[in-house]
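Undergrad: one predicted model, sequence on top.
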Amino acid sequence: KLKIIPAAEEWLEFRSLRNELSHEYPDQTEITVENLNRLFSLMPSFLGIYNHLTAAIKDRNLL
């Protein structure tokens, strides 16, 4: 609605990944490694959202 986050689906993917990583189990190392690799591959997109968000905050004088 506010056009701060370019794609809602992308944000939902970040949230899902965060949930998966926060509930890691020692016996599931393969899944943890896959999730960490997925996190690494998504970092450029996440940083883009972060930069867009901080610019929107500054533009709207929210801080």
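TA: That came in fine, so what should we check first?
Undergrad: tell me the spacing between residue 55 and residue 35.
TA: 29 Å (CB to CB, to the nearest Å). In this view, the C-beta of every residue, glycine as well, is placed from N, C-alpha and C.
Undergrad: between those two, tell me which one has more neighbours.
TA: A direct count of neighbours by other CB atoms under 10 Å for residue 55 and residue 35 places residue 35 higher, at 18 against 11.
Undergrad: give me the element that one is part of.
TA: In the assignment (DSSP states H and E), residue 35 maps to helix 29-59.
Undergrad: and that helix, average pLDDT?
TA: Mean pLDDT, computed over helix 29-59, is 91.
Undergrad: which strands or helices does that helix pack on?
TA: On a contact count with 3 or more CB pairs under 8 Å, 6 or more residues apart in numbering; DSSP states H and E, helix 29-59 meets helix 8-22.
Undergrad: got the angle for the helix holding residue 35 vs helix 8-22?
TA: Angle between the axes of helix 29-59 and helix 8-22 is 130 degrees (criterion: axes from the mean of the first three to the mean of the last three CA atoms, to 10 degrees).
Undergrad: for helix 29-59, buried residues please.
TA: Buried residues in helix 29-59, counted by 16 or more other CB atoms under 10 Å: 35, 49.
Undergrad: swap in stretch 14-34?
TA: Residues residue 17 are the ones in stretch 14-34 that count as buried (16+ other CB under 10 Å).
Undergrad: from start to finish, how long is that stretch in a straight line?
TA: Counting by CA to CA, to the nearest Å, you get 14 Å between the two ends of stretch 14-34.
Undergrad: need the contact partners of it.
TA: 35, 36, 38, 39, 42, 46 (CB atoms under 8 Å, 6 or more residues apart in numbering).
Undergrad: dump these to a markdown table, plus distance to residue 59.
TA: Formatted as a markdown table, the contacts of stretch 14-34 follow (distance: CB to CB, whole Å):
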| residue | distance to residue 59 |
| --- | --- |
| 35 | 34 |
| 36 | 34 |
| 38 | 31 |
| 39 | 29 |
| 42 | 25 |
| 46 | 20 |
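Undergrad: thank you, goodbye.
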